[in-house]
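Student: show me the folded form of this:
(one chain, ligands or ions: 1)
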Amino acid sequence: MSRPAWPLVPAPFPQARLRRTRMQRWSRDLVAETALKPADLIWPIFVIEGNGMRQPVKTMPGVDRLSIDVAIDEVAKAAELGIPLVALFPVVPAERKTADGREAVDPENLVCRAVRAIKRALPEIGIMCDVALDPFTTHGHDGLLIDGRIANDETVAVLVKQALVQVEAGCDVTAPSDMMDGRIGTIRRALDAANHPDALILSYAAKYASAFYGPFRDALGSGGELGKHGKATYQMDPANSDEALREVAADLAEGADMVMVKPGMPYLDVLRRVKDAFAVPTFAYQVSGEYAMLKAAGQAGYLDGDRAMLESLAGFKRAGADGVLTYAAVDIAKRLKAG
Ligand code: PBG
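Tutor: Below you'll find the predicted structure:
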């Protein structure tokens, strides 16, 4: 973004009246500095086993867990609306979870089957998959617990295999969300070695240890036994933003194509700093708790939920995001189309 020659703006009041351009809808549109469009939206969906299944997530009004066949129908509608990318999160049945999350590397697991089925039915839309073990582990951590600690290098070795089975199933965008050190470079080298030089990596680069992930963990059943530090030994401290720049720099140096700041609304300052510092494709995740707050307040009649949702998504664009992951992607794309 270029900097205006402030404070060399010529006219004082009353020659300058900043309200002039605000007087009509057309002139407001004409001078709008940013605009949200369906192509900016990434839609996260929760996938379950079964057929014809649609299971509401209690803490996320309007969000359902979908079986693969239903997901195909819904993703088709999203594609029709111009949404370019969907992010798949598997709801792994409790009996398939283990302490080491080995289900994550099975090429026949739920998320790999979902990727193959959606890709076959809808080759034109992009598919993104998380790389992290939390949907698959009994404790709900993103990595391997060894002697009560999340073991970095041992975890990375598993994440690499997870990324490979997903890409081999047809996933277009690999999205490591685990916050282990060194995982981007290791995954990039493994993808190259396996002849996937064009596989995209969107790194959850600046991901904070946040209370706003609560409803997501309800949706996945992954919040149960995180222990007294929660995920604070690998996800970032909400107090920090210089550190976010180091995280992003490391991931770009290791071969990330795109980076993400997460959560969204409480971290708009971090988003702006990242975009200004690196000028690379930068995304924000409006996470489950943010979505839930807006929806709940709208349902309670405390505010106009739809307008508040649009405004908060516009805020991400203004703060420098190239795109936003939001559970409201389909609703918003419909509203944007309707004008
Ligand atoms: C898993 C993951 C999480 C989210 C996306 N990937 C949760 C977590 O780190 O505990 C959160 C998304 C949301 O809250 O909407 N690593």
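
Student: which parts of the stretch 201-339 of the chain sit against the ligand?
Tutor: Residues of the stretch 201-339 of the chain lying close to the ligand by C-beta under 6 Å from any ligand atom are Tyr213, Phe216, Arg217, Lys231, Val287, Ser288. All C-beta spots, glycine's among them, are computed from the backbone N, C-alpha and C.

Student: wouldn't the fifth one be in contact with Gly214 here?
Tutor: No: between Val287 and Gly214 there is no contact, the gap being 9.2 Å when judged by C-beta atoms under 8 Å.

Student: more neighbours: these two, which one.
Tutor: Val287 (26 against 15; other C-beta atoms under 10 Å).

Student: which residues touch the more buried one?
Tutor: Residues near Val287 by C-beta atoms under 8 Å, 6 or more residues apart in numbering: Ser210, Phe212, Tyr213, Phe216, Lys262, Pro263, Gly264.

Student: grab the nearest non-local neighbour of Tyr234.
Tutor: Met179 (4.3 Å; C-beta to C-beta, 6 or more residues apart in numbering).

Student: now for the one you found: which residues touch it?
Tutor: Met179 sits in contact with Asp142, Tyr204, Lys207, Lys231, Tyr234, Gln235, Met236, where contact means C-beta under 8 Å, 6+ apart.

Student: ramachandran angles for it?
Tutor: Phi and psi for Met179, reported as degrees, to the nearest 10, are phi 70, psi 20.

Student: for it, give me the pLDDT.
Tutor: The score at Met179 is 97. That number is its pLDDT.

Student: again with Glu225
Tutor: The model reports Glu225 with a pLDDT of 82.

Student: re earlier: find the pair from the contacts of Val287 with maximum spatial separation.
Tutor: By the measure C-beta to C-beta, Phe216 and Gly264 form the most distant pair in the contacts of Val287, at 13.1 Å.

Student: that older thread, any idea how far the residue nearest to Tyr234 is from Gly143?
Tutor: 9 Å (C-beta to C-beta, to the nearest Å).

Student: just checking, Ala284 is part of a strand?
Tutor: Yes: Ala284 forms part of a strand when assessed by DSSP: H, G, I helix; E, B strand; the rest coil.

Student: and Arg96, how far from the ligand?
Tutor: Going from Arg96 to the ligand by C-beta to the nearest ligand atom, to the nearest Å gives 17 Å.

Student: shift numbering so it begins at 10
Tutor: With the count now opening at 10, the last piece we talked about shows up as Arg105.

Student: next, count neighbours for that residue.
Tutor: Count around Arg105 with other C-beta under 10 Å applied: 16.

Student: can you tell me the closest non-neighbouring residue to it?
Tutor: Nearest one to Arg105, counting by C-beta to C-beta, 6+ apart, is Glu112 at 4.9 Å.

Student: what's near enough to touch that neighbour?
Tutor: Contacts of Glu112 (C-beta under 8 Å, 6+ apart): Val101, Arg105, Lys106, Asn118, Phe145.

Student: quick one: which of those residues has the most company?
Tutor: That'd be Phe145 among the contacts of Glu112, by other C-beta under 10 Å, with 27 neighbours.

Student: is it true that it touches Ala108?
Tutor: No: with contact defined as C-beta under 8 Å, Phe145 does not reach Ala108; the gap is 10.0 Å.

Student: pick out the residue of the stretch 10-159 of the chain closest to the ligand.
Tutor: When distances are taken as C-beta to the nearest ligand atom, the stretch 10-159 of the chain reaches nearest to the ligand at Ala141, 3.7 Å away.

Student: residues near that residue, how many?
Tutor: There are 27 residues near Ala141, going by other C-beta under 10 Å.

Student: need phi/psi at Gly232.
Tutor: phi -100, psi 0.

Student: which non-adjacent residue is nearest it?
Tutor: Gly232 sits nearest to Arg226 (C-beta to C-beta, 6+ apart), 3.1 Å away.

Student: now do Tyr213
Tutor: Closest to Tyr213 by C-beta to C-beta, 6+ apart is Ser186, at 4.0 Å.

Student: how about the helices in this protein?
Tutor: Secondary structure of the chain (DSSP state H): helices located at 34-40, 77-89, 119-130, 161-178, 192-202, 223-229, 251-262, 277-287, 297-308, 314-327, 338-347.

Student: so where's the stretch 10-159 of the chain shaky on pLDDT?
Tutor: 10-18 (pLDDT under 70).

Student: near the ligand, which residues of it?
Tutor: Asp139, Ala141, Asp143, Asp151.
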